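Peer 1: No sequence on hand, only this structure:
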């Protein structure tokens, strides 16, 4: 089935085989039927003509004599069957049977059985009609042949109490039809094979360049931008190869240009980020001095000192994110994996997010396995991922509970963060990880972070060999799922938790309130 789906040549050859087989079969049946009908019709026409001539000769011989006694009739029958059996014509050899309904017995040639004449034909002839039908000629020796029988009533002495039958064997015609059938079968089979071979050869000439183009396109996609096709001739396939090469050259130039721009952009971000750290440190020191002395300033200057401190914090966070992104872009990010109980990591992150939950008036509900979940991860990066996810959930959850769940199997561990806020519109589940992308561009810039948090989280997940995926529907909130292998960089095959919200397999459940009123852990 895989080869059928992938090979157009196999599909074309197979389809040609099936269609040509059907056509040859139908034509074969039509031709055989015509041949059989023609052979049998010629034989039966000749047989009926021969029989009518014999019936006429028999009638003339009976009229020429006037015998009514049994001995005379018996002599007449012997003379009649001997004379008719020596008659030959275009119908070939035949057998004769004279059936008597009187005391005088009938006659027959050779050892043909009288039962070779069907009963329904006897009844028809006994009613005074000439009739014919196909039959099976049986001999006392056990021999049996297909045959055609023609019968007619025979009146002797004015009494129609006799019937005469001509039985023509059809074995030669049957042999002819069998020979034609075998010839047609062999010829049809050879014709179908030849058609398949011709179609296979023709499609090969078309498919081979297409396969070469497909393999070249795969190598181009793998980064081997110098790959090209070799045009041969001036036909459509050669023009296709030339157009493909032109397209590949244009793509190569554009990709190299974009790579150069990307390198320049990453270098610019990295250089600017590093260069800004020194003046930012100086500004931070001056701002700290002003912030600590703000109580001695007039209210307007004091408020300006507070705003300066807040914006410097925000600028510093953006600078840290830009540096982290530049490390991922440069491939300099290092995974410092160690065996860690991820339940403790989740609990630490939840504790650090409690002040934000308190400000937003929401709660964080945690559902963790009862047993330890030890995985080889970089705890600093995992904490950063979870902080981003839980922080975003609290920011956009509109004060509703944020649910954090974890589950593991023998290969992987999954953590989900679910909010019941505005949700995501169709198509935004892939955009949400883009750099500086915001679900609501009109949202005040005081809401949310730098716009790089989820991009960094995705890079951290990929660095572990894991997945970070999003689900959301308008008005129903959103859910983010982080799936990590228990062994660092081991390939993932499935996630222990569903991406779309459902019943999570709870082990240990804790409720953390933004007010700090209830932080106890109760059994799930």
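Peer 2: Arrived safely, thanks for sending. Given the structure is predicted, the values throughout are model-derived calculations rather than measurements.

Peer 1: Distance of residue 147 relative to residue 204?
Peer 2: Look at residue 147 and residue 204: by C-beta to C-beta, to the nearest Å, they are 54 Å apart. Quick note: C-beta positions are derived from backbone N, CA and C, even for glycine.

Peer 1: Just give me the residue closest to the centre of the chain.
Peer 2: For the chain, residue 5 is the residue whose C-alpha lies nearest the centre (C-alpha atoms, centre = their mean; 7.1 Å).

Peer 1: who has more neighbours, residue 147 and residue 204?
Peer 2: Shown here are residue 147 and residue 204; by other C-beta atoms under 10 Å, residue 147 has more neighbours (23 against 13).

Peer 1: show me the contacts for the more buried one.
Peer 2: 116, 134, 135, 136, 137, 167, 168, 169, 170 (C-beta atoms under 8 Å, 6 or more residues apart in numbering).

Peer 1: Strands of the stretch 351-500 of the chain, start to end?
Peer 2: For the stretch 351-500 of the chain, the strands defined by DSSP state E, counting those that start in this stretch cover 363-368, 374-377, 402-408, 412-419, 467-473, 477-485.

Peer 1: oh, I was asking about the chain
Peer 2: With DSSP state E applied, the chain shows strands at 95-100, 107-108, 131-138, 144-156, 159-169, 338-341, 363-368, 374-377, 402-408, 412-419, 467-473, 477-485, 508-513, 521-523, listed in chain order.

Peer 1: can you pick the most crowded of the contacts of residue 147?
Peer 2: residue 168 (26 neighbours).

Peer 1: per-residue confidence at that residue?
Peer 2: Looking at residue 168, its pLDDT is 92.

Peer 1: hey, what's it bridged with?
Peer 2: Residues in a beta bridge with residue 168, per DSSP bridges, are residue 148.

Peer 1: separation between it and residue 100?
Peer 2: 22 Å.

Peer 1: what does residue 163 give?
Peer 2: Taking C-beta to C-beta, one finds residue 163 at 8 Å from residue 100.

Peer 1: so can I have CSV of the strands of the chain showing distance to residue 458?
Peer 2: Formatted as CSV, the strands of the chain follow (distance: least, C-beta to C-beta, whole Å):
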stretch, distance to residue 458
strand 95-100, 97
strand 107-108, 102
strand 131-138, 85
strand 144-156, 84
strand 159-169, 90
strand 338-341, 20
strand 363-368, 22
strand 374-377, 16
strand 402-408, 19
strand 412-419, 14
strand 467-473, 5
strand 477-485, 10
strand 508-513, 26
strand 521-523, 31
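
Peer 1: so which of the ones you listed gets nearest residue 230?
Peer 2: Closest to residue 230 of these, according to C-beta to C-beta: strand 467-473, at 41.4 Å.

Peer 1: Mind listing the strands that closest one pairs with, and their directions?
Peer 2: Strand 467-473 is paired, per DSSP bridges, with strand 477-485 (antiparallel).

Peer 1: Next, the angle strand 412-419 makes with the partner strand.
Peer 2: Relative orientation of strand 477-485 and strand 412-419, computed by axes from the mean of the first three to the mean of the last three C-alpha atoms, to 10 degrees: 160 degrees.

Peer 1: Next, the angle strand 402-408 makes with strand 477-485.
Peer 2: Strand 477-485 and strand 402-408 are oriented at 30 degrees to each other (the same axes, to 10 degrees).

Peer 1: what residues are up against residue 414?
Peer 2: Counted by C-beta under 8 Å, 6+ apart, residue 414 has contacts 406, 407, 408, 481, 482, 483, 484, 495, 496, 497.

Peer 1: again, only this time at 7 Å
Peer 2: 406, 407, 481, 482, 483, 495, 496, 497 (C-beta atoms under 7 Å, 6 or more residues apart in numbering).
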